[in-house]
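In: A structural model of the following input is requested.
(chains A and B)
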Amino acid sequence: MTYEYPDIRGHFNKFGGKYVPESLIPAINELEELYGQIQNDIQFQDRLTNLLQNYSGRPTPLYFARQISKECGFNIYLKREDLNHTGAHKINNALGQILLAEKMEKKRIIAETGAGQHGVATATVAAQFGLECVVYMGEEDIRRQKLNVFRMELLGAEVRSVNSGSKTLKDATNEAIRDWVENVENTYYLIGSVVGPHPYPMIVRDFQSVIGIETREQFFAMDKLTENKLPDVIVACVGGGSNAIGMFYPFLSDKVKLIGVEAAGLGTETDKHAATMTQGKYGILHGSASYLLQNDDGQITLPHSISAGLDYPGVGPEHSHLKDIGRVIYDSVTDDEAVNAFRWLSEMEGILPALESAHAMAYLRKPGNEISAGDNVVICLSGRGDKDVHTVADYLGIKL
Amino acid sequence: MNRIKTLFSQPKSKLIPFITAGYPSLDITIPLVLAAEASGADMIELGMPFSDPLADGPIIQKSSQIALSNGVTVKWILEQVTLIRSRGCETPIVLMGYINPIMQYGWQKFIKDCKQCGVDGLIIPDLPPEECEDITDEMKKYGLAPIMLVAPNTPDSRIKKISKISGVLLYCVSVLGVTGKKSADNSDLVNYLMRVKKNSTVPYVVGFGIKSPQDVQLINQHSDGAVVGSALIKAMETAVNPLEGASSFITTLKSLNKKN
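Out: Below is the predicted model of the structure:
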């Protein structure tokens, strides 16, 4: 199978595109052109590799999780993106894009953040490159993720609270785009997921693909059982979908079952969930066409998830495409299942997963899942759970 | 002939008030459009509220939020236009709205219904030339004017291209930014509008950050009309009676242009 997306116009069939106000067109066209150049620029690629290795600590390990494997009856391998510098996969993309910002000679970096992981990653690289940094974050998320807010401030970023709409990631993204329209001449918008107008979904995917590329090599060389083999199943959580695309993309042409897990919140039968792919309809938000949670009048509805990083009413356009062509299976797990998985992994393997990643973990125990006994299953453990300790305690009714 | 084309063939100063449909209440929209016409509005831009208005500043965001909580839908807005036309209003009416509610309504059906209701043109700020072809072609088929946007950072060649897609009328965003926030520096604005004048193949109006009769006068010296949105909504917000507040503000905005 040959898979060549996006097309020249930035479309993944009917998804993707450049649905932005005219003032942003010169900026995204310039970015597109620059990105075309750096793909074959050995110096740029070397610099990025160097940063990924020596700053972020790549390659991240692929770890065989013995205890939970035994319990589940299949082999579970964890791709430890949580061991990256700053604690999540977000840094892979932030490092790539900060190099682009530098090439474009922008002095100011803006970003949106949900859980705060992308905000922290952006604040980190902005500090490292000596650039001004403003991070937009919903008021509700600021409340849920106090620790990350303070981390960003320590890193020298200004965190701007957004109190419109649902006061979460969607609204932070609106505000970041408005800032960008106003300051497009000196500002680089460092998008945190595979969303937004073309070329962002492609750029973020490519920078995150290091996850899948490493996994492939590591799995090949892991042990006698996996020697020269590919995994049977790969599972990743999907909010905007950057860790999932980064993990899936290098496996798209292989015979590997790919599963994206969304947040079902209080349940997909309620109106409190963030299961865009399983419950959403075609629409256009934040610069691209994709599946969206919306009402019959095309107004975006409020998502819900215990995980701030998955609390988004849209999803990357490439995921919508991969769903439509049937290449990736999308499913969802509830807040409850995610919290249980958070505790399960902590107790069984000594690893606290981010609540986002706990959704991928929860899928392993979901009744009727796509995994068979004896399968080799890779999970993208996209981030660490330290930031979520308060949320989990609250959820369990424990006062810290 | 399209009402917009007729209007812009006349060499006079033009004022185009922007009104968020269903703001501050549902029953005010029809009287407001009629009052705007009576107060001297040359064309009326009716805003279709969206939950996530990317190109709008706080004032229009808030008015959109209120309109949505009043229960405004695309269907309701089209019904209001039908009723406005049935009251004998012949002022050109254009709808300004983001693409998602239009997609959800069904864009082909939307265009057909717009024509039937008496809408003359559409402004869709998140539909740039890169994505617009099917939709603007369909609009032209029905005699609706696609009013495309240009910005101060749009290159000359692109202004020309966009004006050709528009075919009837072009919309110049006065500043880099969202509605109702900063106003353009006068000399930057004049230089930019000179560029548009040189490159546009059609008449053009200017919007974003226009607040006063002086602004309206200056804009008209260098373009074919001025759009006033956030300032008008603010005037309604602060007036005891929003309808009277809007009428008197529109009258004031027109005051320096009477002689034309």
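In: hey, let's count contacts and neighbours off CA atoms from now on
Out: Fine.
In: Tell me, how many residues neighbour residue 232?
Out: Picking chain A for this. For A:D232, the number of neighbouring residues by other C-alpha atoms under 10 Å in any protein chain shown comes to 17.
In: other chain: chain B
Out: Count around B:L232 with other C-alpha under 10 Å applied: 24.
In: secondary structure class for the residue minimising distance to the centre of chain B?
Out: The geometric centre of chain B, computed from its C-alpha atoms, lies nearest to B:E45 (C-alpha atoms, centre = their mean), at 3.6 Å. Following DSSP: H, G, I helix; E, B strand; the rest coil, we place B:E45 in the strand state.
In: Just list whatever residues bridge to it.
Out: B:F18, B:V94 (DSSP bridges).
In: Phi first, then psi, for residue 168.
Out: No chain in the question, so chain A it is. Reported as degrees, to the nearest 10, the phi and psi values for A:T168 are phi -130, psi -160.
In: ok, the host helix or strand of A:A176 near chain B or not?
Out: Mapping A:A176 onto the secondary structure by DSSP states H and E places it in helix A:169-183. Yes: contact between helix A:169-183 and chain B, assessed by C-alpha under 8 Å from any C-alpha of the partner chain, occurs at A:171, A:174-175, A:177-179, A:181-183.
In: Starting from the next helix or strand after that helix, tell me which strands it pairs with and how they run.
Out: Sequence-wise, the next helix or strand downstream of helix A:169-183 (DSSP H and E) is strand A:187-189. In its sheet, strand A:187-189 lies beside strand A:108-113 (parallel), with partners assigned from DSSP bridges.
In: relative to strand A:108-113, how tilted is the helix or strand just after the partner strand?
Out: Secondary structure here is assigned by DSSP H and E; on that basis, the next helix or strand after strand A:108-113 toward the C-terminus is helix A:117-129. When axes from the mean of the first three to the mean of the last three C-alpha atoms, to 10 degrees is applied, the directions of helix A:117-129 and strand A:108-113 differ by 160 degrees.
In: Mind checking the pLDDT average for helix A:117-129?
Out: Helix A:117-129 shows an average pLDDT of 97 in the prediction.
In: Output the contacting helices and strands for it.
Out: The criterion is 3 or more C-alpha pairs under 8 Å, 6 or more residues apart in numbering or on different chains; DSSP states H and E, and the helices and strands that helix A:117-129 contacts are helix A:90-103, strand A:108-113, strand A:132-138, helix A:146-154.
In: could you list every residue that touches residue 119?
Out: You didn't say which chain, so I picked chain A. The contact partners of A:G119, taken as C-alpha atoms under 8 Å, 6 or more residues apart in numbering or on different chains, are A:111-113, A:135, A:152.
In: sorry, should have said chain B
Out: Contacts of B:V119 (C-alpha under 8 Å, 6+ apart): B:81, B:92-95, B:144.
In: quick one: which of these is nearest to A:S320?
Out: B:L95 (30.2 Å; C-alpha to C-alpha).
In: what's the burial count for the closest one?
Out: Burial of B:L95 is recorded as 25 neighbouring residues (other C-alpha under 10 Å).
In: I'd say it and B:L122 touch.
Out: Yes: when contacts are counted by C-alpha atoms under 8 Å, B:L95 is listed as touching B:L122 (5.0 Å).
In: next one: phi and psi at A:V333?
Out: Dihedral pair for A:V333: phi -130, psi 150, per degrees, to the nearest 10.
In: Please name the spatially closest residue to it (chain neighbours excluded).
Out: Setting aside the residues directly before and after it, A:V333 is nearest to A:A264 in space (C-alpha to C-alpha, 6 or more residues apart in numbering or on different chains), at 5.0 Å.
In: Tally up the residues packed near the one you found, please.
Out: Other residues within reach of A:A264, judged by other C-alpha under 10 Å, total 31.
In: Quick check: what element follows the helix or strand hosting it along the chain?
Out: Here A:A264 is covered by strand A:257-265, with elements defined by DSSP H and E. Secondary structure here is assigned by DSSP H and E; on that basis, the next helix or strand after strand A:257-265 toward the C-terminus is helix A:276-279.
In: where are the low-confidence patches of the chain?
Out: If you meant another chain, say so; for now it's chain A. By pLDDT under 70, the low-scoring segments of chain A are A:1.
In: think we crossed wires, I meant chain B
Out: B:1, B:258-260.
In: Out of the contacts of B:V119, which is nearest to A:Q53?
Out: The nearest member of the contacts of B:V119 to A:Q53, counting by C-alpha to C-alpha, is B:L95 at 52.8 Å.
In: give the contact list for the closest one.
Out: By C-alpha under 8 Å, 6+ apart, the contact list for B:L95 reads B:45-48, B:119, B:121-123.
In: so the residue of chain A most remote from its centre, which of the three states?
Out: Taking C-alpha atoms, centre = their mean, the residue of chain A most remote from its mean C-alpha position is A:K224, at 31.8 Å. For A:K224, the reduced secondary structure class is coil; criterion used: three-state DSSP.
In: swap in B:V240?
Out: Per three-state DSSP, the secondary structure class of B:V240 is coil.
In: quick one, phi/psi of it?
Out: Backbone phi and psi, for B:V240 under degrees, to the nearest 10, turn out to be phi -60, psi -50.
In: okay, now it: neighbour count?
Out: Close neighbours of B:V240, defined as other C-alpha under 10 Å, add up to 10.
In: Go ahead and flag the most central residue of chain A.
Out: Here the mean C-alpha position of chain A is nearest to the C-alpha of A:S242 (C-alpha atoms, centre = their mean), at a distance of 3.3 Å.
In: out of the contacts of B:V119, which one sits closest to chain A?
Out: The shortest separation between chain A and any of the contacts of B:V119 is 15.9 Å, and it belongs to B:L95 (by C-alpha to the nearest C-alpha).
In: And that closest one, how far from B:D120?
Out: Going from B:L95 to B:D120 by C-alpha to C-alpha, to the nearest Å gives 8 Å.
In: and B:S255, how many neighbours?
Out: Around B:S255 sit 15 other residues, with neighbours defined as other C-alpha under 10 Å.
In: what about the closest residue to B:G177 other than its chain neighbours, how many neighbours?
Out: If the residues on either side of it in the chain are set aside, B:G177 comes closest to A:E182, at 3.8 Å by C-alpha to C-alpha, 6+ apart. Applying other C-alpha under 10 Å, we find 20 residues neighbouring A:E182.
In: Pull the contacting residues for A:E182.
Out: Contacts for A:E182 (C-alpha under 8 Å, 6+ apart) come out as B:176-178.
In: likewise A:R108?
Out: In this structure, A:R108 makes contact with A:131-134, A:186-188, judged by C-alpha under 8 Å, 6+ apart.
In: And for A:L34?
Out: For A:L34, the contact set (C-alpha under 8 Å, 6+ apart) comprises A:L100.
In: secondary structure class for it?
Out: helix.
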